Each structure stands twice: as structure tokens, then as C-alpha cells.
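Novice: below are the sequence and a predicted model for it; my questions follow.
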Amino acid sequence: MEVRARAPGKIILSGEHAVVHGSTAVAASIDLYTEASLKISTDSDWSDGLLKLHLKDLGLQFSWPTEKIKEALPGPCIPLPPPTCSLESMKSLAFLVEDQNIPEANFGLAAGVSTFLWLYTSVHGFKPATAIVTSSLPFGAGLGSSAAFCVAVSASLLALSDLVNLDQNKKGWQPFQENELELVNKWAFEGEKMIHGKPSGIDNTVSTFGNMIMFKSGQLTLIKPSMPLRMLITNTKVGRNTKALVASVSERTMRHPEAMASVFTAVDSISKELSTIVQSPAPDDLTVTENEEKLQELMEMNQGLLQSMGVSHTTIETVLRTTLKYKLASKLTGAGGGGCVLTLLPALLAGTIVDKVITELESCGFQCLIAEIGGKGVEVSFSSSS
Ligand SMILES: Nc1ncnc2c1ncn2[C@@H]1O[C@H](COP(=O)(O)OP(=O)(O)O)[C@@H](O)[C@H]1O
Ligand SMILES: C[C@@](O)(CCOP(=O)(O)O)CC(=O)O
Ligand SMILES: [Mg+2]
């Protein structure tokens, strides 16, 4: 039996970083996915005794003799709760990954590869298997590729375990039950900890459950927007690392606890107001426009506070200036320091203006896309393997 699991990326409409410190944030899934397919060798299979990971888009293949992994890692940890990777296991993982000679240009991948090994062995122990991962999400750009990776991998692992009850004969994509989604989310969060250091959990939660959510201290509330929301996503293509940026905000918080507490409180208010506006009835174009104006102002305020946290970047400022020329408000999304910027596209904005903004942004070397937001969360699909 082979399973495929796909998990969406996300945008954060308000509250990144502050959410790590207990503030409310609002996020939505986007229609860009990471897909993990998994085939576990059974006794009767021909097996080469290897655990293989193929990162297809990058053309990278890794493999480990399962006997070697057995010497280094503790193995299955079932039932719940999912284990947090110990420092000792982290070190063993680093050795296992180092052996694979990841190209220097893809150095950041080591965290993802370690996470895969940890999640795999925690659920399935030392069985030989092949996992193939593909993704349409840019890595390290603020669209939650790390969380989508953790959710897709966790979902594929759990789908082939006794911990969930899915219909393996059903054709096509199928969702998990609510309690199973919670399980996938918990395992993915353990993975996200290995990549982000101190994640809030918002990215894995929105990737697991999809839709638009309000998130605070591990709790999610579903948001049902009553107005159309169109966002232009501009990728500055400046690479950065979420773990380092989250750590830098924590260091600033230690240096200036009171000032930063005020910043986080302001972000909390912004996220709450944003969620109220998005859900308030908008029966006509005039109300939609009024609500959009309020959202634009909140996005600008949130961006200002992100600047004060030290996570903006000159390329982000260029996007802000460029979109402002067209009276459009923008803010960074995700960890910042480069990565992606969101621009609200009002419902009545002429297509010609959108084209002009995109042309101008792309002439700066940025990449633009308009994603569908608030779609489904993680799903799986079974096929009998040959
Ligand atoms: N498809 C993937 N395969 C392996 N690792 C991945 C994949 N997607 C993401 N990762 C891991 O996540 C890291 C990027 O995560 P992060 O810095 O949080 O940025 P973001 O989540 O915004 O893309 C990568 O360097 C890698 O370690
Ligand atoms: C900065 C943060 O709020 C979001 C990070 O998102 P991303 O990894 O940049 O996609 C961190 C977190 O919430 O775990
Ligand atoms: Mg991430």
C-alpha cells in the first residue's frame, strides 16, 4: 500500500512573531501544496533494508541502512503523546544527515531531513521504506513550507499506521476525521519545533485544518469571511531562516521586555479587529470597500510593528513603496527578513492596475502570484503499489 498526503502552505494576515509570544494571529491556507508519498516495505516485499527520502523538485535522494538508524535513534514512540526530539537524538540525527553530503546551496534542508528521520522512526521504527516529497511552495519564503512539509510527512506516516482509521480502498483524496487531524497536527508540531526552534504552532495548524483561522496560545478559532479577500503575494526572493528570525525577536524581547510587551499587545488588538472585520456582514459594495479600507490600515499598522520587531528588510520596504504608489497597503507575511509580502487587492480594483503593479514589482526582480486562500487542509490518497 502506498499513500500520498498533501498539505497546503499559508499566509499570515496579521500577528506573525507576536503569536510566538502569546498574541492573537490570523492565517489562511493557500492553494500551494507539499505532497509526501510513502511506501513501507512489508515482510513479503523485496527490501533493500534502506530508508529512502527523495526530494524530487531538488533532485536530491538520501538513503540510510535501517540497521544504522537503529543504532542511533530510540525508535517508535506510540501511543501518544508524540515525543519531543531530545538533544541526544538531535546529535545522532545530525550525524545521520551529515553523512548524506547535502550540497552547500541546500544547507538549510538538513533540518527538514532530520525532521523526516525523526518523525518516520517515531511512528514506524526501523522498517525500510521510500518517501518522495514534492512541493510547489518556495522554501524559506514565509509561506509555511516547513509546516506543510511536517504536516504532509506526518499525515502520510499516520495514514499507514494503526493510529488512524481511513478507508484504504477509497479512490481519490480523502480528509481525516477531526480527532485524527488533531493527531496529525500534534506530530507536525513536533517536526516544526525541529525546524523553527520555538514555533507558535499556527503554521502547522492552518496547514492541517485549512480555512482561515484565528490562533492564540495553541487554540484555533475558525473564521468564516463574509467578504471577498484577494491577496497579491510578492516573493522578494531574499532567502532567510525562520528559526534565526524568531530567535532575534526573542532576544530583542529580553533586552526590552516592557516595550516589546506593548508591541505584542498592539498586534493582538490588530488581529482581533481584523478577524471581526473579515466576518462582519458586507451586504453591498460600499460596505466591502469600507471594510477593505479598515483592513488596509490594520495591515499598515501591523507592518509598522513588525518593523519595530526588527524583521523587515530593504526588499520588503521596496514592495511597500511600490504598492503604495497605487494606493495599495502591504505587509510582510511569515517570518520576514526577506521572503514574501502580502498586498490586499480590493474587490473593485481594476485588472489593469493589478497588471501594472505586478509588472512594476517583477521589474525589481520580485515574483508575484495571486493565490486562492482559505481552502482545504491536509488530505490523503491511497493506491495499491505495484
Ligand atoms: N519539501 C521540503 N523538503 C525538505 N525540507 C523542507 C521542505 N520544505 C521545507 N523544508 C524545511 O523547512 C525549511 C524552511 O522553513 P522556514 O525557514 O520555516 O521557512 P518557510 O516555512 O517560510 O518556508 C527548509 O530549509 C527545510 O529545512
Ligand atoms: C514568525 C512565525 O510567526 C511564522 C513563521 O512562518 P514562516 O516559517 O516564515 O512561514 C513563527 C511561528 O509562528 O512559529
Ligand atoms: Mg516555517
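Specialist: That came in fine, so what should we check first? Ligands and ions are numbered 1, 2, ... in the order given.

Novice: would you mind measuring from Q174 to Q168?
Specialist: According to Cβ to Cβ, to the nearest Å, Q174 and Q168 sit 10 Å apart. From N, CA and C alone the C-beta is placed, and that goes for glycine too.

Novice: actually D268, not the one I typed
Specialist: Plainly put, D268 is 44 Å away from Q168 if you go by Cβ to Cβ.

Novice: how many other residues sit next to A94?
Specialist: Number of residues near A94 (other Cβ atoms under 10 Å) recorded here: 13.

Novice: again but with L60, I slipped
Specialist: Neighbourhood size, L60 [other Cβ under 10 Å]: 16.

Novice: gap between it and P175?
Specialist: Separation of L60 from P175 (Cβ to Cβ): 30 Å.

Novice: report the distance from stretch 62-76 to the chain centre.
Specialist: 27 Å (Cα atoms, centre = their mean, to the nearest Å).

Novice: quick one: average pLDDT of that stretch?
Specialist: In this model, stretch 62-76 carries a mean pLDDT of 91.

Novice: break down the protein into its helices, ranges please.
Specialist: Along the chain, counting by DSSP state H, helices occupy 66-72, 87-98, 109-124, 145-159, 178-196, 202-209, 242-255, 257-279, 285-309, 314-324, 351-363.

Novice: can you say which of those helices is nearest to ligand 1?
Specialist: Among those, the nearest to ligand 1 by Cβ to the nearest ligand atom is helix 109-124 (2.2 Å).

Novice: so which residues on this structure come close to ligand 2?
Specialist: 16-17, 19-20, 142-144, 146, 196, 199-200, 202-203, 242, 246, 334-335 (Cβ under 6 Å from any ligand atom).

Novice: got the domain ranges for the chain?
Specialist: 2-223+377-383, 230-372 (automatic domain parsing).

Novice: worst mean pLDDT among these?
Specialist: When the domains of the chain are compared by mean pLDDT, domain 2-223+377-383 comes last with a mean of 94.

Novice: and that domain, is it in reach of ligand 3?
Specialist: Yes. Residues of domain 2-223+377-383 contacting ligand 3 under Cβ under 5 Å from the ion: S146.

Novice: is it true that V206 touches K10?
Specialist: Yes. Here V206 reaches K10: they are 4.6 Å apart, a contact under Cβ atoms under 8 Å.

Novice: shared neighbours of those two, anything?
Specialist: Counting by Cβ atoms under 8 Å, 6 or more residues apart in numbering, the common neighbours of V206 and K10 are 27-29, 144, 147.

Novice: quick one on the thing from earlier: looking at the domains of the chain, which is buried most?
Specialist: domain 2-223+377-383 (a mean of 20; mean count of other Cβ atoms under 10 Å).

Novice: quick one: end-to-end distance for that domain.
Specialist: Using Cα to Cα, to the nearest Å, the end-to-end distance of domain 2-223+377-383 comes out at 5 Å.

Novice: can you list the shared contacts of V206 and K10 in CSV and add distance to M301?
Specialist: Converted to CSV, the shared contacts of V206 and K10 look like this (distance: Cβ to Cβ, whole Å):
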residue, distance to M301
A27, 18
A28, 19
S29, 24
G144, 23
A147, 26
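
Novice: nearest to V113, of those?
Specialist: Checking the shared contacts of V206 and K10 against V113 with Cβ to Cβ, the nearest one is A147 at 16.2 Å.

Novice: so what's F215 up against?
Specialist: By Cβ under 8 Å, 6+ apart, the contact set of F215 is 15, 19, 24-27, 200-202, 205-206, 221.

Novice: near ligand 1, which residues of the stretch 101-250 of the chain show up?
Specialist: Proximity of the stretch 101-250 of the chain to ligand 1, by Cβ under 6 Å from any ligand atom, involves residues 108-109, 111-112, 133, 135, 139-146, 149, 195-196, 241-242.

Novice: rerun that using 5 Å as the cut-off
Specialist: Within the stretch 101-250 of the chain, the residues that sit near ligand 1 (Cβ under 5 Å from any ligand atom) are 108-109, 111-112, 133, 135, 139-140, 142, 144-146, 149, 195, 241-242.

Novice: go ahead and confirm N291 touches I277.
Specialist: Yes. Contact criterion Cβ under 8 Å: N291 and I277 qualify, at 5.2 Å.

Novice: which elements pack onto the top strand by length along the chain?
Specialist: Secondary structure assigned by DSSP state E gives strand 25-40 as the longest strand of the chain. Under the contact definition 3 or more Cβ pairs under 8 Å, 6 or more residues apart in numbering; DSSP states H and E, strand 25-40 sits against strand 2-14, strand 129-135, helix 145-159, helix 202-209, strand 212-216, helix 257-279.

Novice: to H313, which of the ones you listed lies closest?
Specialist: Proximity to H313 (Cβ to Cβ) singles out strand 2-14 among these, at 16.1 Å.

Novice: list the neighbouring strands of that closest one plus their orientation.
Specialist: Strand 2-14 pairs in its sheet with strand 25-40 (antiparallel), strand 379-383 (antiparallel), by DSSP bridges.
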